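> Test case, fold it:
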Amino acid sequence: MSQAWFSRYAWGVLVWNILVALWGAYVRATGSGAGCGSHWPTCNGEIIPRTPQVETLIEFTHRATSGLAFLSVLFLALLAFRLFPKGHPARLGSGAAFLFMITESLVGASLVLFGWTAHNVSAA
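I've put the predicted structure just below:
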C-alpha cells in the first residue's frame, strides 16, 4: 500500500463524510430524527427495520452511512500510523479525524437516547 493510495483513500473518506453530513441535515430538515425511536444503536429495537416508515428509512440510512464513515475514518487512522513516520501530519490529521468521529458518534447517540430528535429546534 502506497502513500499515493492513502491520499486517494483520504479524499474519498472526506467526500463520504461530507455526504453523510448532508444526509444528516436532510434527516434534521425532514424531522426524521426519531425515525428509529429512542433506540440506539438499534432501530426500533431491530438491527435492520423490517416494516419501516419513510422517516425510519431516512434515519436508518443515516445511521448506516454514519457507521460506514466511522469505520472508514478508523481504517484511515490505522493506515496513517502504519504508512507514515512518527510526527507526520497524516498521523496527526487522521488521529484528529478519528477523535472527532468518536465525539460525533457520542453526540448522535445522546440526541437519540435523551429524546432530542424529530422536531426539536436545538442547534445540534
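> Count the residues that sit near the closest residue to C43 other than its chain neighbours.
Leaving out its chain neighbours, the residue that sits closest to C43 by CB to CB, 6 or more residues apart in numbering is C36, at 3.7 Å. For glycine as for every other residue, the C-beta is placed from the backbone atoms N, C-alpha and C. Neighbour count of C36, defined by other CB atoms under 10 Å: 25.
> contacting residues around C36?
Contacts for C36 (CB atoms under 8 Å, 6 or more residues apart in numbering) come out as T42, C43, N44, P49, T56, E59, F60, R63, V112.
> Swap in 6 Å and give it another go.
If you count contacts by CB atoms under 6 Å, 6 or more residues apart in numbering, C36 has them with C43, N44, E59.
> Filter those down to the ones in strands?
Of the contacts of C36, none are assigned to strands by DSSP state E.
> Out of those residues, grab the one that's most surrounded.
Result: E59 is most packed of the contacts of C36 (other CB under 10 Å), 27 neighbours.
> now the helices for this protein?
For the chain, the helices defined by DSSP state H cover 3-30, 54-83, 89-113.
> Give me the distance between the residue nearest to C43 and L99.
Noted for C36: a distance of 26 Å to L99, by CB to CB, to the nearest Å.
> Repeat that for T30.
30 Å.
> Also F75?
Distance from F75 to L99, by CB to CB: 15 Å.
> And for E104, nearest residue in space, chain neighbours not counted?
Per CB to CB, 6+ apart, closest to E104 is S66, 8.0 Å.
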